[in-house]
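J.: Any chance you could fold what I've pasted below:
(4 chains)
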Protein chains: 2
Amino acid sequence: MYELFFRSFTDKQIMLDPEEVELIKNYLTPKKLRRKQYLLQEGDVCKTIAFVEKGSLREYSIHPGGAEHIIQFAIEGWTISDLFSFLTGEPATYNIDAIEDSELVLINKAAHEELLQKLHKYETYTRLQITGAYLAMQKRLNSINTLSLEERYLDFIRLYPNIVQRVPQHMIASYMGLQPETLSRIRRKISINK
Amino acid sequence: MYELFFRSFTDKQIMLDPEEVELIKNYLTPKKLRRKQYLLQEGDVCKTIAFVEKGSLREYSIHPGGAEHIIQFAIEGWTISDLFSFLTGEPATYNIDAIEDSELVLINKAAHEELLQKLHKYETYTRLQITGAYLAMQKRLNSINTLSLEERYLDFIRLYPNIVQRVPQHMIASYMGLQPETLSRIRRKISINK
DNA sequence: ATTTTTTATTGATCAGGATCAATACTTTTT
DNA sequence: AAAAAGTATTGATCCTGATCAATAAAAAAT
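T.: Below is the predicted model:
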């Protein structure tokens, strides 16, 4: 249990002793989500950070008018949360729901804070985690500014081939800030050029 | 000396003993930059994280064709670096230069790593720092997806009134991913509606 | 002081992506 | 098995922001 979660420590060169693994396990809660089920709804306070052991989720905001804008996907090995709401206790501005049936590992705020205090390695883990997320987002922002839509889509499928396979196309359009029709046309153009 | 830098610890509720302040000071290097002078050029390895005590800088990428895209500004109290290059040692993909004459506090990589090791509070500081940067960028990305250009500009001047005052308008356009002409027209529209 | 560089505005035209609409196809649900 | 919901494609038209061009004004450099 929690295999991928603990592997994500090793991946960051953080080696945990068996006792440390046991300590952390006391703070974790497993959770299963059915497809389309919410983990978080806008307006509620985000109580947990979720690590994905299996399945896929999306985090999105809803614009007045009803349009959805996906800010992040998460598949196996990724972490998802409305971090601002989690840290401040303010109502969430994002929704999170499952795209596929999913299995999560949850850490609530009290657990997070205690682990930060008790276990230096957990703070290092958290720091590296957020640093990676920051760098990925910076790259994304830079792509938006500098690349054509076609290049951005090719970049996306190169970076996240697993997401492309498992997530409906209109959600990828939403992630890229496009209408589904536009992404469809970009794909057509790419397939012709091959 | 280093006033704002140490104040940024206090602001994050990290209280340093006098000895800790002295310890950290040993790892810092002051640096002055003239307007338009580079702190970092694309292709070089980013050797430092820079904290701005005075002045203003910008970080930007150059698109084939010569167009510049500003990814970040930094004024007093902010930190700027090509973090990916700094952490990995790979050549920088961004340029950083001074918009105004500036005074910086530099931390090089060896210093950064030693401080992370020696001083738990420094790791906490770093974690909070990057978390704040992540949240700000997430908000920016969400604005790009959900707001009109007019709303985004109004948001910008609300969030960063100091930057608007001190930085040329075409750089703000670049930061927003717009042509200078377009931002000029948005401003005209806003001034008429008042 | 005056030349040069940088910055901001406005106009005309163009192009890329949005919007509206229709259809076909696939997957879920019952 | 049938109905419903969700998904993807294509066409026609519109609109926003880019591009090209000219000018004016301000700030820096000499």
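J.: what does chain A put close to chain B?
T.: Of all the residues in chain A, those in contact range of chain B (CB under 8 Å from any CB of the partner chain) are A:61, A:63, A:67, A:69, A:71, A:83-84, A:87, A:93, A:120, A:123-124, A:126-127, A:130-131, A:133-135, A:137-142, A:144-146, A:177. For glycine as for every other residue, the C-beta is placed from the backbone atoms N, C-alpha and C.
J.: which of those are buried?
T.: Applying a neighbour-count criterion of 16 or more other CB atoms under 10 Å in any protein chain shown, the buried members of these are A:61, A:69, A:71, A:83-84, A:87, A:93, A:123-124, A:126-127, A:130-131, A:133-135, A:137-138, A:140-142, A:144-146, A:177.
J.: So which of these sit within strands?
T.: Under the assignment DSSP state E, these contribute A:61, A:69, A:71 to strands.
J.: Now the terminal residues of stretch A:79-90, how far apart.
T.: When the termini of stretch A:79-90 are compared using CA to CA, to the nearest Å, they are 20 Å apart.
J.: my read: residue A:160 touches residue A:73, true?
T.: Yes. Taking contact to mean CB atoms under 8 Å, the distance of 7.4 Å between residue A:160 and residue A:73 places them in contact.
J.: hmm, back to that, show only the entries of the residues of chain A next to chain B found in helices.
T.: Taking DSSP state H, the ones among those that sit in helices are A:83-84, A:87, A:120, A:123-124, A:126-127, A:130-131, A:133-135, A:137-142, A:144-146.
J.: Run through the buried ones among the residues of chain A next to chain B and flag the ones next to DNA strand C.
T.: With the criterion set as CB under 7 Å from any atom of the strand, the members of these near DNA strand C are residue A:177.
J.: need the helix or strand of chain A with the lowest average pLDDT.
T.: Least confident helix or strand of chain A, by mean pLDDT, DSSP states H and E, is helix A:180-193 with a mean of 88.
J.: Does it reach DNA strand C?
T.: Yes. Using CB under 7 Å from any atom of the strand, helix A:180-193 reaches DNA strand C at A:181, A:182.
J.: Extract the residue ranges of chain A that are flagged as low pLDDT.
T.: In the prediction, chain A carries residues with pLDDT under 70 at positions A:193-194.
J.: How about whatever residue of it ends up closest to DNA strand C: what's its closest non-neighbour residue?
T.: When you check chain A against DNA strand C by CB to the nearest atom of the strand, the closest residue turns out to be residue A:182, at 3.1 Å. If you skip the residues right next to it in sequence, residue A:182 has residue A:173 as its closest partner in space, 6.8 Å away by CB to CB, 6 or more residues apart in numbering or on different chains.
J.: Looks like that neighbour contacts residue A:179 (just checking).
T.: Yes. If you go by CB under 8 Å, residue A:173 and residue A:179 touch, sitting 6.4 Å apart.
J.: What about residue A:188, how many residues nearby?
T.: Per other CB atoms under 10 Å in any protein chain shown, the neighbour tally for residue A:188 reads 10.
J.: Check which residues of stretch A:36-50 are buried.
T.: Taking 16+ other CB under 10 Å as the basis for neighbour counts, the residues of stretch A:36-50 that come out buried are A:39, A:40, A:42, A:46, A:47, A:48, A:49, A:50.
J.: Kindly apply the preceding question to stretch A:105-114 instead.
T.: So, applying 16+ other CB under 10 Å, buried residues of stretch A:105-114: A:105, A:106, A:107, A:111, A:112.
J.: which element is the third one on?
T.: When secondary structure is defined using DSSP states H and E, the element that contains residue A:107 is strand A:102-108.
J.: How about residues contacting that strand?
T.: Under the criterion CB atoms under 8 Å, 6 or more residues apart in numbering or on different chains, residues A:2, A:5, A:27-33, A:39, A:47-57, A:115 lie in contact with strand A:102-108.
J.: Weed out the non-buried ones from those.
T.: Among those, those scoring as buried are A:5, A:27-28, A:33, A:39, A:47-53, A:55-57, A:115 (criterion: 16+ other CB under 10 Å).
J.: Which of those fall within helices?
T.: Using DSSP H, the members of these that fall within helices are A:5, A:115.
J.: In strands, which of the buried ones among the contacts of strand A:102-108 fall?
T.: Assigned to strands by DSSP E, the following of the buried ones among the contacts of strand A:102-108 qualify: A:28, A:33, A:39, A:48, A:49, A:50, A:51, A:52, A:53, A:56, A:57.
J.: could you list every residue that touches the closest residue to the third one other than its chain neighbours?
T.: Closest residue in space to residue A:39, ignoring its immediate chain neighbours: residue A:96 at 4.3 Å, by CB to CB, 6+ apart. Taking CB under 8 Å, 6+ apart as the contact definition, residue A:96 lies against A:38, A:39, A:40, A:50, A:57, A:58, A:59, A:60, A:80, A:81, A:82.
J.: isn't the fifth one right up against residue A:81?
T.: This points to residue A:57. No. Contact status for residue A:57 versus residue A:81: not in contact, 10.4 Å apart, counting by CB under 8 Å.
J.: Spit out the residues that contact the two alike.
T.: A:50, A:96.
J.: For stretch A:156-163, measure first residue to last.
T.: For stretch A:156-163, the separation between the terminal residues is 9 Å (CA to CA).
J.: For that stretch, buried residues please.
T.: Applying a neighbour-count criterion of 16+ other CB under 10 Å, one finds A:156, A:160, A:163 buried in stretch A:156-163.
J.: Next step: those restricted to strands.
T.: Under the assignment DSSP E, the buried residues of stretch A:156-163 contribute nothing to strands.
J.: Check those residues against chain B and report the nearest one.
T.: residue A:156 (14.6 Å; CB to the nearest CB).
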